[in-house]
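J.: Provided below for reference: sequence and predicted model.
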Amino acid sequence: MKRVAILISGGGSNMLALVASMTGDHPARPVLVASNDPVAAGIAKAAGQGIPTATVDHRPFGRDRAGFEAALLCHIEAAAPDILCLAGFMRILTPGFIQRFQGRMLNIHPSLLPKYPGLHTHARALAAGDNEAGCSVHEVTADLDAGPILGQARVPILPGDTEASLADRVLALEHRLYPAVLRRFAAGDRRPILLP
């Protein structure tokens with residue numbers, strides 16, 4: 001059984017989708033939900049489900065990313081995860097941290113990578129006049145949003161779509177795609193999943 005730690009920064013909707021999927025014959029179980037925000041709503045939701053939680057406020061560390069990561073690592077290493085899932089974790093991680101979990105850290109990103117790495121993905125897709133958007137799950141590497149893609153799901157961009165309406169439809173897809181990819185990845189299968 002693979003042990004999964006999930007890092008969040010906010011409400012934790014993708015974390016909840018992952019946790020809900022890890023039951024029955026699933027090859028993994030959640031062992032930690034951690035956040036860089038002590039008041040992240042997702043922390044209380046995870047604790048309510050009996051999952052161990054931890055928070056390390058990044059703000060006192062200022063620009064000392066390595067110091068923040070060292071404090072976070074104390075909690076992660078105590079949980080001894082096999083897989084680390086970033087689920088709305090809004091901190092850029094150092095190459096040293098990423099290397100420590102190379103090949104076993106996943107992230108979900110709200111665009112059809114390699115299009116629109118980074119922030120404001122929905123606004124960028126709308127501004128470009130794209131006819132579809134979506135989300136991607138990828139392995140985390142030192143290059144931002146550039147690791148091997150393990151899954152993608154697509155949604156049409158509709159006339160009159162706003163950033164908010166598109167984000168809502170993509171988020172619903174994220175909640176299907178991320179659990180599907182994690183199940184396959186935890187079973188040792190890195191073949192990409194493509195949801196319609």
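T.: That came in fine, so what should we check first?
J.: just so I have it, where are all the helices in the protein?
T.: Per DSSP state H, the chain carries helices over the ranges 13-21, 41-48, 65-79, 95-100, 121-127, 163-186.
J.: among the ones you listed, which is nearest Gly147?
T.: Among the helices of the chain, the nearest to Gly147 by C-beta to C-beta is helix 95-100 (9.1 Å). C-beta coordinates here come from the backbone N, C-alpha and C atoms, glycine included.
J.: which helices and strands does the closest one pack with?
T.: In this structure, helix 95-100 packs against helix 65-79, with contacts taken as 3 or more C-beta pairs under 8 Å, 6 or more residues apart in numbering; DSSP states H and E.
J.: Any idea how far the helix it packs on is from the middle of the chain?
T.: Distance of helix 65-79 from its chain centroid, counting by C-alpha atoms, centre = their mean, to the nearest Å, is 18 Å.
J.: what pLDDT, on average, does it get?
T.: Mean pLDDT, computed over helix 65-79, is 97.
J.: Alpha carbons of that helix, as PDB, please.
T.: What follows is helix 65-79, C-alpha atoms only, in PDB (Å, rounded to 0.1, in the frame of the first residue of the first chain):
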ATOM      1  CA  ARG A  65      12.500  29.100   0.700                       C
ATOM      2  CA  ALA A  66      15.000  26.500   1.800                       C
ATOM      3  CA  GLY A  67      14.300  27.300   5.500                       C
ATOM      4  CA  PHE A  68      10.600  27.000   4.900                       C
ATOM      5  CA  GLU A  69      11.000  23.700   3.000                       C
ATOM      6  CA  ALA A  70      13.200  22.300   5.800                       C
ATOM      7  CA  ALA A  71      10.500  23.000   8.300                       C
ATOM      8  CA  LEU A  72       7.900  21.400   6.000                       C
ATOM      9  CA  LEU A  73      10.100  18.400   5.400                       C
ATOM     10  CA  CYS A  74      10.200  17.600   9.100                       C
ATOM     11  CA  HIS A  75       6.400  16.900   8.800                       C
ATOM     12  CA  ILE A  76       6.600  15.200   5.400                       C
ATOM     13  CA  GLU A  77       9.500  12.900   6.400                       C
ATOM     14  CA  ALA A  78       7.700  11.900   9.700                       C
ATOM     15  CA  ALA A  79       4.800  10.700   7.500                       C
END
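J.: what sits against the residue positioned nearest the centre of the chain?
T.: When C-alpha atoms, centre = their mean is applied to the chain, the residue found nearest the centroid is Ala87 (2.6 Å). Residues near Ala87 by C-beta atoms under 8 Å, 6 or more residues apart in numbering: Ile6, Leu7, Ile8, Gly12, Asn14, Met15, Leu18, Ile108, Tyr178.
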